[in-house]
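Structure for the following, please:
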Amino acid sequence: GNYTSGIAHTRWATHGKVTVENTHPHHSENNRFFIVHNGIIENYFTLKKDLEKKYKFYSETDTEVVAKLFEELFDGDLHSTLEKVTKKIVGAYAIAVIDKENPDTIIGAKLGSPLIIGVSDDAIFLSSDINALGNVAQEFTTLEDYETVIIKNGKFEVFSFGKEVKKQTEELTEEMGNVSKGKFETFTEKEIFETSQVLRNALNGRIDFENKVITNETLEELNSYNFENIEIIASGSSYFAGMVGKSWFEELADIKTELKVSSEFLYEKFLPNKKTLYIFMSQSGETADVRESVKMVKEKGCLAFGIVNVVGSTIARMCDMGLYTHSGVEVGVASTKNIIAQLAVLITMALSMGIKKNLQISEAKLIIEELGKLDLKIEGLLDRQAHYKNLAKKYSKFTNFFYLGRNLVYGAASEASLKLKELSYIHSESYQTGELKHGPLALVGPNFPCIVINPKNVMREKTISNVKEIKARNGVVLGVITAGDTEKDIYDDV
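A predicted model of the protein is given here:
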């Protein structure tokens, strides 16, 4: 027959084990209501215990609880039932529901997880990710927390606490939804090869390379606040970018900087300070702990600054000020190109603040000059694929790795270690190189290689002596070093 609506989920089980039973959509016991859901229902266990007295559960997921609640609370009207269900659940959710008895209708609700309505000439779409709408919709609008939507007969209506809300749609630009692998086998590889362009995107319009000056109104405004401290709040790869950013703010701008993991920051005692700039970093702009941290900081009247990639995302909209990374769509689960864009934004901020304080103009111009050459240097590194493949083959027999770096490059070592875990499922740990002698060195040997990042800087000699300690224990060392380094022979490979 002719079907006019449908729902689906692109991930395997999002809660519980990876089994067919745990896979979305989930359904009510009477097979009438079908649900897909992003987010976490925090009180699902309590709700499930209560519902189990009456209904049989087939999965381990929190989403199935929502499906059973629909059956339990259904009052004949799909939308009012949805409002009753959302009052019962605690946590974050983006939900889409379909009813067998009303096959031409989809309803949705949002709290703490993104939900976007896409509009084309002949269809309406509901998606948790704007990238999914790129090839099908021309316009979009974003649902806010506690809003619900009814999609029917090619139209949509949005409600907030039962009252209809008029939504303005925006044009869906190419940057928001252009998703294709092109000539590459995987999105991750494609995104790595976009790094040099991403770097240019993040710096263009913010740095005038001809005159070697920073030209950005947001940063000019930021400098007028004269912040005494900075706190960077992030998670995952963004946190490791923040590690490097912390060093830059302290070295170039003489501003004491702290770095916090968002999931910890949220539950620590918060001591608000109007003289502190709070920087929130997130590729998606939807990271739950980061989003809640922004809320907490803003409630105390402090300034929230966002470094976000996805335009119009929740965190971008919540922050008082911010800079986009302009790294384009990142599809690969492991973040790659966006961290380069984040670093570009952070160094630009640190330079801007530094020039206003004590940073010599001549030194700033020198750094800007080097930044202008960086894209071509990245392209040069990416041209060495054959060498990297040979190294990967040689080192693939190992099941444990240490990634080591000092000062600035410790952030890079930590990020590299995370990438190995995420993409290869191989155990690795990162340490500050000088910490090796305080315990971890005991594990080093011919079967536990160390990847040492040791550029030509003030820490180079100290790191070389650490490498010699590793070699004395028959350790294997892969060096990531500056081209032309005369000491390259102390490493097994470079």
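
Please count neighbours and contacts with C-alpha atoms only from this point.
Noted.

quick one: low-confidence ranges for the stretch 151-300 of the chain?
For the stretch 151-300 of the chain, residues meeting the criterion pLDDT under 70 lie at 174-178.

Gly108 should be in a strand, yeah?
Yes - according to DSSP: H, G, I helix; E, B strand; the rest coil, Gly108 belongs to a strand.

Not counting its neighbours along the chain, what's nearest it?
Ala96 (4.4 Å; Cα to Cα, 6 or more residues apart in numbering).

Please settle this for me: is the one you found part of a helix?
No - counting by three-state DSSP, Ala96 is not part of a helix but strand.

Next one, pLDDT for it please.
On pLDDT, Ala96 comes in at 96.

do the same with the one 4 residues further on
Note for Lys100: predicted pLDDT of 93.

Give the full set of residues in contact with it.
Asn31, Arg32, Phe33 (Cα atoms under 8 Å, 6 or more residues apart in numbering).

redo that, cut-off 10 Å
Neighbour list for Lys100: Asn31, Arg32, Phe33, Phe34 [criterion: Cα atoms under 10 Å, 6 or more residues apart in numbering].

And for Ala253?
By Cα under 10 Å, 6+ apart, the neighbours of Ala253 are Ser247, Met349, Ala350, Leu351, Ser352, Met353, Gly354, Ile355, Lys356, Lys357, Asn358, Leu359.

related to what we said a few turns ago, what is the nearest of the contacts of Lys100 to Met281?
Comparing the contacts of Lys100 against Met281 with Cα to Cα places Phe34 closest, at 35.1 Å.

Okay, and the closest one sits in which element?
strand 33-41 (DSSP states H and E).

ok, that strand: who's next to it in the sheet?
As defined by DSSP bridges, the strand partners of strand 33-41 come to strand 26-27 (antiparallel), strand 91-99 (antiparallel).

and the first one, how far from the chain's centre?
Between the centre of strand 26-27 and the centre of its chain there are 29 Å (Cα atoms, centre = their mean, to the nearest Å).

likewise stretch 408-425?
The answer for stretch 408-425 is 15 Å, by Cα atoms, centre = their mean.

Give me the domain ranges for this structure.
Following automatic domain parsing, one finds the domains of the chain at 26-177, 187-382, 385-490.

can you list those in JSON lines and add distance to Tyr3?
Listed next are the domains of the chain as JSON lines, based on distance: least, Cα to Cα, whole Å:
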{"stretch": "domain 26-177", "distance to Tyr3": "8"}
{"stretch": "domain 187-382", "distance to Tyr3": "29"}
{"stretch": "domain 385-490", "distance to Tyr3": "39"}
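
Neighbours of Ile35, how many?
25 (other Cα atoms under 10 Å).

Let me see the contact set for the residue lying closest to it once chain neighbours are set aside.
Of all residues not flanking Ile35 in the chain, Val97 sits nearest, at 4.6 Å (Cα to Cα, 6+ apart). Val97 makes contact with 6-7, 25-27, 33-37, 66-67, 70, 78-79, 82, 105-109, 150 under the criterion Cα under 10 Å, 6+ apart.

hmm, 7 Å instead?
Neighbouring residues of Val97 by Cα atoms under 7 Å, 6 or more residues apart in numbering: Phe33, Phe34, Ile35, Val36, Ile106, Ile107, Gly108.

Name the nearest of the residues you listed relative to Ile214.
Nearest member of the contacts of Val97 to Ile214, counting by Cα to Cα, is Gly108, at 44.4 Å.

so what's the closest one bridging to?
Note on Gly108: beta-bridge partners by DSSP bridges are Ala96, Val149.

How confident was the prediction at it?
Per-residue pLDDT puts Gly108 at 96.

Could you tell me how many residues sit around it?
Gly108 has 27 nearby residues by other Cα under 10 Å.

contacting residues around it?
Ile95, Ala96, Val97, Thr148, Val149, Ile150.

Which pLDDT value belongs to the last one?
The confidence metric pLDDT takes the value 97 at Ile150.

Kindly provide the distance from Ser247 to Asp254.
10 Å (Cα to Cα, to the nearest Å).

In terms of neighbours, single out the busier of those two.
For Ser247 versus Asp254, neighbours defined as other Cα under 10 Å are more numerous around Ser247 (22 against 18).

residues touching the more buried one, list them.
Contacts of Ser247 (Cα under 7 Å, 6+ apart): Leu408.

Please tell me how far it sits from Ser120.
From Ser247 to Ser120 the distance is 47 Å (Cα to Cα).

Save the strands paired with strand 33-41 as a markdown table, and put in distance to Asp320 too.
Conversion of the strands paired with strand 33-41 to a markdown table gives the following (distance: least, Cα to Cα, whole Å):
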| stretch | distance to Asp320 |
| --- | --- |
| strand 26-27 | 39 |
| strand 91-99 | 23 |
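
Just say which of those strands is most tucked in.
Of those, the one with the most neighbours on average (mean count of other Cα atoms under 10 Å) is strand 26-27, at a mean of 25.

per-residue confidence for Asn135?
Value for Asn135, per-residue pLDDT: 83.

from here on, count from 550
From this message on, residue numbering opens at 550, which makes the last subject Asn684.

So it versus Gly555, what's the distance?
17 Å.

Can you tell me the closest non-neighbouring residue to Glu841?
Leu815 (7.2 Å).

I'd say the one you found and Arg840 touch.
No - the pair Leu815 and Arg840 does not pass the contact test of Cα atoms under 7 Å, sitting 9.8 Å apart.

if you count what's nearby, which of those two comes out ahead?
Each of Leu815 and Arg840 had its neighbours counted (other Cα under 10 Å), and the higher figure belongs to Arg840 (24 against 20).

where's that one, which helix or strand?
helix 837-848.

Show me what that helix is packed up against.
When contacts are defined as 3 or more Cα pairs under 7 Å, 6 or more residues apart in numbering; DSSP states H and E, helix 837-848 packs onto helix 811-814, strand 853-857.

quick one, it and strand 582-590 angle?
60 degrees (axes from the mean of the first three to the mean of the last three Cα atoms, to 10 degrees).

Not counting its own residues, what contacts helix 837-848?
Applying Cα under 7 Å, 6+ apart, the set of residues contacting helix 837-848 is Gly661, Ile782, Ala783, Ser811, Ser812, Leu815, Phe829, Ala853, Ile864.

and what of stretch 811-829?
So stretch 811-829 is contacted by 776-784, 838-839, 842, 849, 851-856 (Cα under 7 Å, 6+ apart).

out of those, which are buried?
When these are checked for burial by 16 or more other Cα atoms under 10 Å, the buried set is 776, 778-784, 838-839, 842, 851-856.

ok so, going back, same list (the helices and strands packed on helix 837-848) but as TSV, adding distance to Met1008.
Formatted as TSV, the helices and strands packed on helix 837-848 follow (distance: least, Cα to Cα, whole Å):
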stretch	distance to Met1008
helix 811-814	30
strand 853-857	30
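
Where do the strands of the stretch 800-949 of the chain begin and end?
Per DSSP state E, counting those that start in this stretch, the stretch 800-949 of the chain carries strands over the ranges 805-810, 825-831, 853-857, 870-873, 949-954.
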